[in-house]
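Colleague: show me how the following folds:
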Amino acid sequence: MTDLKPVMELVKVLHEKHGVPQKGGKKYTQVVHRMEAFRSHVGTQYGIMTEILVDDGKRVVMKASITDKDGRVIGTGHAEEIRGSGYFSQGDKRNINTTSAIENCESSCVGRALSSLGISGGEYASANEMDAVGRKKIAIKHNENDSNQDENDSDQDENDRLKKLEKERKEKQERDNRFQDFANQIEKINFKDDLNKFWNSRKSVLESDSILCKMVIDKCAKRKQEIQKKDQFIHDLNNGQRENYLG
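Modeller: Numbers count the residues shown, from 1 in each chain. Alright, predicted model coming up:
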């Protein structure tokens, strides 16, 4: 069996250099990066097969198996995704798993199979961590309406002001929720061409909200820099410059 320790060392470096920050300061090394390190070392000595165990319209369950050239299974991983789940309410078309449940499930089970061989991504990114933090703002809208409920002499201007504040607060919350969903999708993009396609397919919609548009542009620019750094890192490793990173 091929010694996988060099792969583990490369993944440790990838984890430090390109790990995705998670809630609480943890990091997660994406499956695509671990696969690149795995293939750069073992080539085609091992195969990875995935199979769908359940796809009943409600959930997807998949299994990934890593095998050697003799067909012996040396590592496995399972994953489950609920169709239609995500940041928004169940079944919302904006949720990633409405259209990509199988793709997400396959990526997850491959990541777990690699982890079973010691090629781990660090902390698994839970759905709550990846879907982010917009839920914390829900209770705010009640605070300003409690203090003067017994007074009946509030004038119309004050009511109008509160309604305006409430409308602005809801608009901001909706914008933050939409941005978080876009940000989650952007984090999963690993190639510049795909990043360009993502932007071009949503440009006309985003331009109707200049604030959201700028937030997404900044996020795309940051992700582009991360992809460029990762690509350069992989290029250097494949060209024998590993010592520059293992120092």
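Colleague: for the closest residue to residue 84 other than its chain neighbours, which three-state class applies?
Modeller: The shortest distance from residue 84 to any non-neighbouring residue, by Cβ to Cβ, 6 or more residues apart in numbering, is to residue 91 (4.1 Å). Where C-beta positions appear, they are placed from N, C-alpha and C, glycine not excepted. Residue 91 falls in the coil class when you classify it by DSSP: H, G, I helix; E, B strand; the rest coil.
Colleague: same deal with residue 52?
Modeller: Residue 52 - assigned by three-state DSSP - is strand.
Colleague: just checking, residue 119 touches residue 7?
Modeller: Yes. Applying Cβ atoms under 8 Å as the test, residue 119 and residue 7 come out as touching, 5.7 Å apart.
Colleague: what touches both of those two?
Modeller: Between them, residue 119 and residue 7 share these contacting residues under Cβ atoms under 8 Å, 6 or more residues apart in numbering: 37, 38.
Colleague: residues in contact with the nearest residue to residue 85 once chain neighbours are set aside?
Modeller: In this structure, residue 85 finds its nearest non-sequential neighbour in residue 97, 4.7 Å apart by Cβ to Cβ, 6+ apart. Residue 97 sits next to 81, 82, 83, 84, 85, 86, 104 when contact means Cβ under 8 Å, 6+ apart.
Colleague: from these, which land in helices?
Modeller: residue 104 (DSSP state H).
Colleague: between which two of the contacts of residue 97 is the distance greatest?
Modeller: Spanning the widest gap among those are 84 and 104, at 12.1 Å by Cβ to Cβ.
Colleague: all strands of the protein, in order?
Modeller: 20-21, 27-28, 47-55, 59-67, 73-82 (DSSP state E).
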